[in-house]
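Enquirer: coords below, sequence missing:
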């Protein structure tokens, strides 16, 4: 409680940084959805995961996640996504009491479009659990205090995940003109790398939203922890095998990623 009281002394600064970060996230979503792939892809790898049509393609999302999170650093830094979903429900409730239930309804719609009933059950269960956790946190701390600490943790989570990606191989098109992953070095670093990091912070901040990476985590957990076989989506071992194949062989090893690569390079 002492820490929260200390934190309230910086509330104005926190809210300013939060507003800037929120605007950056909304701008990023608009950029990914309204601009041609060739103007976004060279700066934000696999930017189409922010599009509604790929957001309901759980296989694509899962393979993309496994492909971009291969080290223990990124796996640990991205393990807070379930907590992030809870904190977003706190923020939603601080904006308006109806928003958490609208978000839960959108999660239900997303699960219907994904088309796997077992996944949908676990995904909605996770949504209800995080909403309940958010309500408990608000009841314990109070709305203003819970919302303030949620904002701080969400922003730090985005920063932590962005920094964690520095341990990963560099995706295609960021430091080369091929479909191959590579390691960053003094020979291939360019001006797009720091710019991509700034853009990546907005993307990682938004990845904590209940509709973004949470479905992938639920997909992984219900298959591996509860040993439930999916009905209409790839089994997780197949997700990992496909990701390894792409990581070593390039985007052309998977038709969906090859189409993405061509859309960014315009067939070059």
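Expert: Ah, there it is. Given the structure is predicted, the values throughout are model-derived calculations rather than measurements.

Enquirer: which intervals of the stretch 151-268 of the chain have sub-threshold pLDDT?
Expert: 267-268 (pLDDT under 70).

Enquirer: hey, where'd the strands end up in it?
Expert: Counting by DSSP state E, counting those that start in this stretch, one finds no strands in the stretch 151-268 of the chain.

Enquirer: Show me the helices in it, by range?
Expert: 192-206, 214-224, 236-249, 255-265 (DSSP state H, counting those that start in this stretch).

Enquirer: Nearest to residue 135, out of the ones you listed?
Expert: Proximity to residue 135 (Cβ to Cβ) singles out helix 214-224 among the helices of the stretch 151-268 of the chain, at 17.8 Å. All C-beta atoms are positioned from the backbone trio N, CA, C, and that covers glycine.

Enquirer: ok now the closest one, how far from the chain's centre?
Expert: 13 Å (Cα atoms, centre = their mean, to the nearest Å).

Enquirer: and what of stretch 125-142?
Expert: Offset of stretch 125-142 from its chain centre (Cα atoms, centre = their mean): 21 Å.

Enquirer: Need the contact partners of it.
Expert: The list of residues contacting stretch 125-142 from outside it, by Cβ atoms under 8 Å, 6 or more residues apart in numbering, reads 4, 82, 85-87, 89-90, 92-93, 100, 103-104, 107-108, 146, 149-150, 210, 214, 218.

Enquirer: Select only the buried ones of those residues in ChimeraX?
Expert: Here is the ChimeraX command that selects the buried residues among those (16 or more other Cβ atoms under 10 Å):
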select :82,85,86,87,89,90,92,93,100,103,104,107,146,149,150,210,214,218
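
Enquirer: Just the contacts of stretch 125-142: which are in helices?
Expert: Among the contacts of stretch 125-142, the members found in helices (DSSP state H) are 4, 82, 85-87, 89-90, 92-93, 100, 103-104, 107-108, 146, 149-150, 214, 218.

Enquirer: Quick check on residue 174: phi, psi?
Expert: Main-chain torsions, residue 174, degrees, to the nearest 10: phi -80, psi -40.

Enquirer: Number of residues surrounding it?
Expert: Using other Cβ atoms under 10 Å, the number of residues around residue 174 comes to 20.

Enquirer: and it, what is it in contact with?
Expert: Residues in contact with residue 174 (Cβ under 8 Å, 6+ apart) are 42-43, 45, 192-193, 196.

Enquirer: Just the buried ones from the residues you listed?
Expert: 42-43, 45, 196.

Enquirer: and which of those is nearest residue 23?
Expert: For these, the closest approach to residue 23 (Cβ to Cβ) belongs to residue 43, at 18.0 Å.

Enquirer: ok, that closest one - contacts?
Expert: For residue 43, the contacting residues are 174, 192, 195-196, 199, by Cβ under 8 Å, 6+ apart.

Enquirer: Tell me how far it lies from residue 116.
Expert: Here residue 43 is placed at a distance of 33 Å from residue 116 (Cβ to Cβ, to the nearest Å).

Enquirer: Residue 134 now?
Expert: With Cβ to Cβ as the criterion, residue 134 and residue 116 are 26 Å apart.

Enquirer: which one of these two has more residues nearby?
Expert: Set residue 134 next to residue 116 and count neighbours by other Cβ under 10 Å: residue 134 wins out with 23 against 18.

Enquirer: tell me the mean pLDDT for the helix or strand hosting that one?
Expert: Per DSSP states H and E: residue 134 is located in helix 117-141. Averaged over helix 117-141, pLDDT sits at 96.
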